[in-house]
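In: give the three-dimensional model of this entry:
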Amino acid sequence: MKVLIVGAGTTGLTAACALSFQGIDCQIIERRSQPSQLSRAVGIFPSTIELLSSIGVPADLFSEAVPMRGLQYLRNGRRLLFLDFSSKEFQGKAGLFLPQNRTEAILAGVLRKRGVDVQYGLQLTNIVSQNAAAIVEYSNHDKETFDWVIGADGVHSLVRQKMKIRYPGQDLPEKWSIADVEVNGHMPPSLVTVNLQEPGNSLSIVLPLGQGHVRVVSSKEDALSALPQPLDIKKIYSQGSFQISVRQAETYCKNRVLLAGDAAHCHSPVGGKGMNLGIADAVAAASAIIRGEVEQYACERHKIAKQVIRKTEFARKVVTSNNLLMKCGLWILAKTIGVVPAVRRAYVRHLTEI
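Out: Numbers count the residues shown, from 1 in each chain. Coordinates of the predicted model:
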């Protein structure tokens with residue numbers, strides 16, 4: 001069996017790890033000329049680490065990651081809720097923070113040890129898929145035949161476009177922003193802070209990445225100026241704005257082609273589930289190919305992603321709503337989570353699982 005993976009982000013690299021772990025001949029191509037130095041996602045769920053371990057990516061390779069020790073929600077500077085992830089109640093539930101480019105470097109390193117190298121600077125230009133095989137044409141004009149192709153080439157997936165798979169949904173009108181900075185002085189170690197600020201009900205999230213390095217994500221166009229309390233910034237690594245798209249491919253499988261990750265779905269960053277969902281897609285896609293269960297893959301993963309999209313959209317609307325009932329409901333929920341152990345555990349499961 002011969003499999004091509006298009007795209008060397010976390011989803012594509014994970015698919016290659018899963019296939020090579022089972023001894024399947026796989027190739028992985030990437031249109032970029034080199035590994036990405038950008039870091040969009042940072043949160044890794046405990047279940048994701050377990051999933052990666054199941055395909056031969058040892059958990060100790062993520063030793064540089066920063067474990068989440070606490071999560072607090074503030075509204076206009078007043079604390080609504082604090083969750084202590086270092087307590088026995090949440091043992092094994094805390095997520096890890098690691099820039100996406102470092103996660104990709106770890107996965108690529110595992111692949112190199114297995115004799116699989118990413119072919120950078122090589123782009124798929126066309127694909128013809130029939131019942132028995134897929135014929136791929138590259139940007140260097142070469143052609144190659146594969147038993148299966150996994151499209152893990154992102155939101156603007158060329159694989160999806162060439163296969164004429166629709167990607168319905170919407171682009172939200174407002175612009176969000178992101179900034180990675182180094183700060184002077186002491187920052188609370190491994191504490192995630194979610195700021196809800198009025199008027200305007202803006203959302204800002206501060207994520208610790210270790211050694212004074214933090215990420216700020218905001219529902220406003222300028223993440224740093226949107227913070228209720230400005231950071232003492234030593235260095236700005238990167239900053240920019242982005243628009244949220246909420247979309248899902250109509251099918252994840254057509255003939256000999258499977259879609260995974262952002263090529264199959266995209267949604268709000270609220271909850272940090274995107275990269276984790278893509279990694280789970282990749283492992284499931286590899287397993288489906290090996291077991292001959294691609295139709296089940298398409299059905300099950302589509303259903304799971306649809307649920308994630310619904311939940312993340314609901315969460316985004318709740319935390320950014322100006323509706324008084326929504327605000328009161330959020331306050332009541334926060335207080336209930338704080339005092340009712342069963343509700344608190346259910347909420348943590350929602351946060352740290354797909």
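In: tell me the contacts of the nearest residue to Lys254 once chain neighbours are set aside?
Out: Once flanking residues are discounted, Lys254 sits nearest to Met163: 5.1 Å by Cβ to Cβ, 6 or more residues apart in numbering. Every C-beta, even on glycine, is put in place using the N, C-alpha and C of the backbone. Going by Cβ atoms under 8 Å, 6 or more residues apart in numbering, Met163 touches Ile127, Ser129, Gly151, Lys254, Asn255, Val257.
In: list the buried residues of whichever strand or helix holds Asp171.
Out: Applying DSSP states H and E as the criterion places Asp171 in strand 169-183. Buried residues in strand 169-183, counted by 16 or more other Cβ atoms under 10 Å: Trp176, Ser177, Ile178, Ala179, Asp180, Val181, Val183.
In: out of those residues, which is nearest to Lys235?
Out: Val181 (6.6 Å; Cβ to Cβ).
In: can you tell me the SS state at Ala18?
Out: The three-state assignment at Ala18 reads helix, by DSSP: H, G, I helix; E, B strand; the rest coil.
In: now it: how far from Ile279?
Out: Ala18 sits at a distance of 10 Å from Ile279 (criterion: Cβ to Cβ, to the nearest Å).
In: related to what we said a few turns ago, would you turn the contacts of Met163 into CSV with distance to Gln296, pLDDT and neighbour count?
Out: Conversion of those to CSV gives the following (distance: Cβ to Cβ, whole Å; pLDDT from 0 to 100; neighbours: other Cβ atoms under 10 Å):
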residue, distance to Gln296, pLDDT, neighbour count
Ile127, 23, 97, 22
Ser129, 19, 92, 19
Gly151, 18, 98, 32
Lys254, 15, 96, 19
Asn255, 16, 96, 17
Val257, 16, 98, 25
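In: ok, which pair from those residues is furthest apart?
Out: Gly151 and Asn255, at 12.0 Å, using Cβ to Cβ across the contacts of Met163.
In: report the angle between the longest helix along the chain and strand 169-183.
Out: In the chain, taking DSSP state H as the definition, the longest helix is helix 294-320. Inter-element angle recorded for helix 294-320 and strand 169-183: 70 degrees (by axes from the mean of the first three to the mean of the last three Cα atoms, to 10 degrees).
In: mind listing what's buried in stretch 12-27?
Out: 12-21, 24, 26-27.
In: which of these sits closest to Arg344?
Out: Thr14 (31.2 Å).
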